[in-house]
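A.B. asks: Here is the input, now give the coordinates:
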Amino acid sequence: MKKQLLILLAFISLSATAQYSIGNTKIILKDRSRASRSILTFIYYPATADSTDAPIINDGTKFPVISFGHGFVMTALAYQWLVQALVPYGYIIGFPSTEEGVPPNHSDFGKDEVFVARALRDYGDSSNSFLFNKTNGYTAVGGHSMGGGATFLGMQNVTDITTFFNFSAAETFITQSAIQTAKNCRQPALVFTGTKDCVAPPATNSLAMYNNLASEYKFFANIHDASHCQFGDPHKTPCETGEAFACQGETYITSQDQKADVFLLLQSWLDFWLKRNCNAITSFYSNAGSHLSDFDTMQSKVIDCSALSTVTVVKHHNAIKADIFPNPSKGMFNLEINDNYSNAMLTLSDLSGRTIDSKMYKNEKSISLDYSYLAKGIYQLQFSSDKGNYIAKIVVE
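C.D. replies: A predicted model of the protein is given here:
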């Protein structure tokens with residue numbers, strides 16, 4: 001009863017901050033680096049109404065992007081609980097629907113997960129996209145079971161995806177080993193599993209992957225009495241039938257309680273890394289500490305706000321050569337553009353994605369910026385031109 005009360009209070013608190021309806025659409029993305037591989041993707045986003053193809057909200061906020069991969073013989077639509085948990089709080093989520101058949105190609109699926117995150121993020125720079133000027137440049141890749149294992153394959157040596165997370169990640173064996181490729185994954189990682197997962201037991205699956213991670217910041221949360229399949233929507237796929245056969249006689253916490261435990265940590269983790277909300281890491285540790293009876297946890301090192309000042313994890317491609325200095329400063333900055341361009345827009349946003357400044361430029365190479373009126377803190381500057389983009393974090397002291 002005490003646990004249920006705590007979870008209810010947490011949801012009441014979180015629901016008070018939810019502000020968006022959920023729009024949805026589907027598009028076919030083409031990965032030209034892989035023979036124009038088609039990736040049907042279901043997309044959910046903050047909208048003006050709960051409906052298909054509803055207009056995306058237009059309140060000046062830019063949103064982080066998440067790509068999430070489904071489990072084995074599960075579907076991209078089997079995670080509506082995750083949509084309901086995150087989109088109303090300002091997230092865009094894409095679900096690639098590839099590799100739903102048998103046998104799946106785990107390596108291709110991991111690449112799909114990363115490609116979808118990048119593609120939706122970059123739609124923020126495309127004037128032809130409904131996401132134009134709506135993405136904040138920060139991205140996450142997630143997955144469950146097979147899709148969780150595939151995140152380790154896809155995230156090898158990747159630096160432009162901000163963080164990744166997974167639920168009961170299963171070892172991949174057809175093409176590459178997730179346990180082995182974890183050694184090449186360096187981005188911040190949040191790994192969930194369940195103590196009663198007998199489909200992909202932690203010791204030989206997600207825990208082994210976690211231990212091999214090269215990430216400076218990594219956190220492992222083993223939910224007491226949680227199952228493998230309850231990380232998805234209930235009774236939507238054959239997962240539970242297989243679990244009942246493989247785990248005969250097991251009893252678990254309720255699906256609702258399991259997802260509530262995930263939500264307690266996942267939202268604050270994503271708010272910290274993707275929205276650059278320093279206070280969120282305090283909430284993360286507070287939630288973990290107040291629910292010690294629900295989790296077995298471990299971490300590589302304590303995370304604090306200084307982690308947000310490390311090398312940023314925004315897009316590196318289609319770049320225009322530029323430099324901004326001095327940085328940090330009291331508010332006076334010089335932006336030097338070292339490439340030719342015709343037209344460009346400069347935007348400055350705070351860490352919540354709110355646009356603070358926006359100006360147009362025409363082939364100006366040396367630009368003086370006066371932000372001395374801003375409060376001390378970290379801001380994101382984006383210079384979007386017809387020849388490419390330049391993105392930098394600036395610090396006002």
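A.B. asks: CA atoms for contacts and neighbours, from now on please.
C.D. replies: Fine.
A.B. asks: Run through this structure and note the low-pLDDT ranges.
C.D. replies: 1-18, 309-319, 351-353 (pLDDT under 70).
A.B. asks: Regarding it, what is its longest helix?
C.D. replies: helix 255-274 (DSSP state H).
A.B. asks: Report all helices and strands that that helix contacts.
C.D. replies: helix 2-15, strand 135-144, strand 189-194, helix 278-289 (3 or more Cα pairs under 8 Å, 6 or more residues apart in numbering; DSSP states H and E).
A.B. asks: Could I get the buried residue list for the last one?
C.D. replies: In other words, helix 278-289. For helix 278-289, burial by neighbour count (16 or more other Cα atoms under 10 Å) applies to 278, 280-285, 287-288.
A.B. asks: In the stretch 251-397 of the chain, what residue spans correspond to strands?
C.D. replies: 295-299, 322-325, 332-337, 344-349, 355-361, 366-370, 377-385, 388-396 (DSSP state E, counting those that start in this stretch).
A.B. asks: can you redo those as JSON lines with mean neighbour count and distance to residue 144?
C.D. replies: As requested, the strands of the stretch 251-397 of the chain are exported to JSON lines (neighbours: other Cα atoms under 10 Å; distance: least, Cα to Cα, whole Å):
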{"stretch": "strand 295-299", "mean neighbour count": "16", "distance to residue 144": "18"}
{"stretch": "strand 322-325", "mean neighbour count": "16", "distance to residue 144": "40"}
{"stretch": "strand 332-337", "mean neighbour count": "17", "distance to residue 144": "43"}
{"stretch": "strand 344-349", "mean neighbour count": "19", "distance to residue 144": "33"}
{"stretch": "strand 355-361", "mean neighbour count": "14", "distance to residue 144": "34"}
{"stretch": "strand 366-370", "mean neighbour count": "13", "distance to residue 144": "45"}
{"stretch": "strand 377-385", "mean neighbour count": "20", "distance to residue 144": "32"}
{"stretch": "strand 388-396", "mean neighbour count": "19", "distance to residue 144": "32"}
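A.B. asks: among those, which is nearest residue 160?
C.D. replies: strand 388-396 (12.2 Å; Cα to Cα).
A.B. asks: Other residues contacting the closest one?
C.D. replies: 312, 314, 318-322, 324, 327-331, 371-372, 374-384 (Cα atoms under 8 Å, 6 or more residues apart in numbering).
A.B. asks: Can you name the residues that contact the nearest residue to residue 283 once chain neighbours are set aside?
C.D. replies: Computed as Cα to Cα, 6 or more residues apart in numbering, the closest residue to residue 283 that is not its neighbour in sequence is residue 268, at 6.3 Å. By Cα under 8 Å, 6+ apart, the contact set of residue 268 is 280-281, 283-284.
A.B. asks: Quick check: residue 229 touching residue 238?
C.D. replies: No - using Cα atoms under 8 Å as the test, residue 229 is too far from residue 238 to be in contact (9.4 Å).
A.B. asks: More neighbours: those two, which one.
C.D. replies: Neighbours per residue, other Cα atoms under 10 Å: of residue 229 and residue 238, the larger number sits with residue 229, 27 against 12.
A.B. asks: quick one, phi/psi of the more buried one?
C.D. replies: Torsion angles at residue 229 (phi, psi; degrees, to the nearest 10) stand at phi -80, psi -20.
A.B. asks: Closest to residue 174 out of the contacts of residue 268?
C.D. replies: residue 284 (35.7 Å).
A.B. asks: got the contact list for that closest one?
C.D. replies: Neighbours of residue 284 in contact, by Cα under 8 Å, 6+ apart: 264-265, 268-269.
A.B. asks: quick one: which of those residues has the most company?
C.D. replies: Using other Cα under 10 Å as the neighbour criterion, residue 269 leads those with 26 neighbours.
A.B. asks: List the contacts of that residue.
C.D. replies: 190, 280-281, 284.
A.B. asks: Quick check: the gap between it and residue 288.
C.D. replies: The gap separating residue 269 from residue 288 is 11 Å, by Cα to Cα, to the nearest Å.
A.B. asks: what about stretch 291-304, start to end distance?
C.D. replies: Chord length of stretch 291-304, first to last residue, is 20 Å (Cα to Cα).
A.B. asks: Distance from that stretch to the middle of the chain?
C.D. replies: 20 Å (Cα atoms, centre = their mean, to the nearest Å).
A.B. asks: Need the contact partners of it.
C.D. replies: Applying Cα under 8 Å, 6+ apart, the contact partners of stretch 291-304 are 216-224, 261, 278, 281, 288.
A.B. asks: Buried ones among those?
C.D. replies: For these, a burial check counting by 16+ other Cα under 10 Å picks out 217-224, 261, 278, 281, 288.
A.B. asks: From the residues you listed, pick the one nearest residue 343.
C.D. replies: residue 278 (34.6 Å).
A.B. asks: related to what we said a few turns ago, could you point out which of the strands of the stretch 251-397 of the chain sits nearest residue 307?
C.D. replies: Judging these by Cα to Cα, what sits closest to residue 307 is strand 377-385, at 12.6 Å.
A.B. asks: Packing partners of the closest one?
C.D. replies: strand 344-349, strand 388-396.
A.B. asks: Let me have these in TSV, adding distance to residue 158 as columns.
C.D. replies: Formatted as TSV, the helices and strands packed on strand 377-385 follow (distance: least, Cα to Cα, whole Å):
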stretch	distance to residue 158
strand 344-349	25
strand 388-396	18
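A.B. asks: Of all those, which one comes closest to residue 366?
C.D. replies: Residue 366 sits nearest to strand 344-349 of all those, at 12.9 Å, using Cα to Cα.
A.B. asks: residues in contact with that closest one?
C.D. replies: In contact with strand 344-349 (Cα under 8 Å, 6+ apart) are residues 355-363, 379-386.
A.B. asks: and the helix or strand harbouring residue 122, C-alpha only, in CSV?
C.D. replies: Secondary structure assignment for residue 122, by DSSP states H and E: helix 106-123. Taking Å, rounded to 0.1, in the frame of the first residue of the first chain, the C-alpha atoms of helix 106-123 are listed here in CSV:
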residue,chain,number,x,y,z
HIS,A,106,20.1,-7.2,-35.2
SER,A,107,22.8,-5.0,-36.7
ASP,A,108,20.5,-3.5,-39.3
PHE,A,109,17.9,-2.8,-36.5
GLY,A,110,20.6,-1.0,-34.4
LYS,A,111,21.5,1.1,-37.4
ASP,A,112,17.8,1.8,-38.0
GLU,A,113,17.4,3.0,-34.4
VAL,A,114,20.3,5.5,-34.7
PHE,A,115,19.2,6.6,-38.2
VAL,A,116,15.7,7.4,-37.1
ALA,A,117,17.0,9.5,-34.2
ARG,A,118,19.3,11.5,-36.5
ALA,A,119,16.7,11.9,-39.3
LEU,A,120,14.0,13.2,-37.0
ARG,A,121,16.5,15.5,-35.3
ASP,A,122,17.6,16.9,-38.7
TYR,A,123,14.0,17.4,-39.8
